[in-house]
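Asks: Sequence and computational prediction follow.
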Amino acid sequence: MAEEKKRLQAYLAAAGLGSRRACEKLISSGRVKVNGNPAQLGQSVFPGDEILLDGKPVIHQEIKHYILLYKPRGYLSSMKDPEGRALAIDLLKDACPERVYNVGRLDQWSEGLLLFTNDGNLALKMVHPSNNLEKEYEVETDKDLPSDFKLRFENGVDIEGVRYTAKSVSVTGAKNARITLIEGKNREIRRVLEFFGLRALSLKRVRIGSLVIGNMQPGEYRKLCDAEIQSLQKSFKPNRGGSFNDSSN
């Protein structure tokens, strides 16, 4: 995920020299040189460039970031959108100096947990189907759930040649359920609800593996603690490749 070039202020911030704004001040004050020349605010640097602060080399080691966001309804799980719609990534502008990427997706009108990281190896393990990462959702429907909803979804429902199977379904009310998935198929819950003649009034992801939503509110984010990161890293098989773009809600 490393980019070939990077804005100088972002490079300095990632090297631990302060926020991007603080690093912009370092550049503007003339304390930074790139390849022997005074640095210019906004310029890009490339691998192999010599970057000095007060005459001393700036050593850059990419720091891994793991940020858990409560994505609100109405936000896209994309890095950019040609229509200019609200993006979940924009809620993390001040979260870290490095660029991070969402692991998997939540559709625009779903809410809940979405993990962002620049750790490509962990991200690929999380979305690889062989690792069976559990994702749990709270659902409220517009009409009562049928009596056989739990049994049929757990046994597998065939829709247009695709089989959708929940790991578990817990019916918590006439129109409410908690659904745990591991397959990560596109819009899985919504497609199954439509199959039963239902529509989701709300759909919230409350758990990704061992990561839980707790008391988080829409738009809030937090960095994972060391124990959470280690738990994720230890729970997967060796990486076999994959894609960041699973979408199971």
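Replies: Yep, that arrived.
Asks: buried stuff in stretch 164-173?
Replies: Going by neighbour count (16 or more other C-beta atoms under 10 Å), the buried part of stretch 164-173 is 164, 165, 166, 169. All C-beta spots, glycine's among them, are computed from the backbone N, C-alpha and C.
Asks: OK, contacts around residue 228?
Replies: 66, 210, 211 (C-beta atoms under 8 Å, 6 or more residues apart in numbering).
Asks: Residue for residue, what is the longest strand this structure has?
Replies: Longest strand of the chain, by residue count under DSSP state E: strand 200-208.
Asks: Show me what the following helix or strand past it is packed up against.
Replies: Where DSSP states H and E defines the elements, the next helix or strand beyond strand 200-208 is strand 211-212. Judged by 3 or more C-beta pairs under 8 Å, 6 or more residues apart in numbering; DSSP states H and E, strand 211-212 is in contact with strand 111-117.
Asks: which is the next helix or strand following the strand it packs on?
Replies: Once the chain leaves strand 111-117, the next helix or strand it forms, by DSSP H and E, is helix 120-127.
Asks: now the angle between strand 200-208 and that following helix, please.
Replies: 130 degrees (axes from the mean of the first three to the mean of the last three C-alpha atoms, to 10 degrees).
Asks: Now do helix 120-127 against strand 111-117, angle only.
Replies: Using the same axes, to 10 degrees: helix 120-127 against strand 111-117 is 150 degrees.
Asks: Who are the packing partners of helix 120-127?
Replies: strand 101-103, helix 226-234.
Asks: hmm, try it at 7 Å
Replies: strand 101-103 (3 or more C-beta pairs under 7 Å, 6 or more residues apart in numbering; DSSP states H and E).
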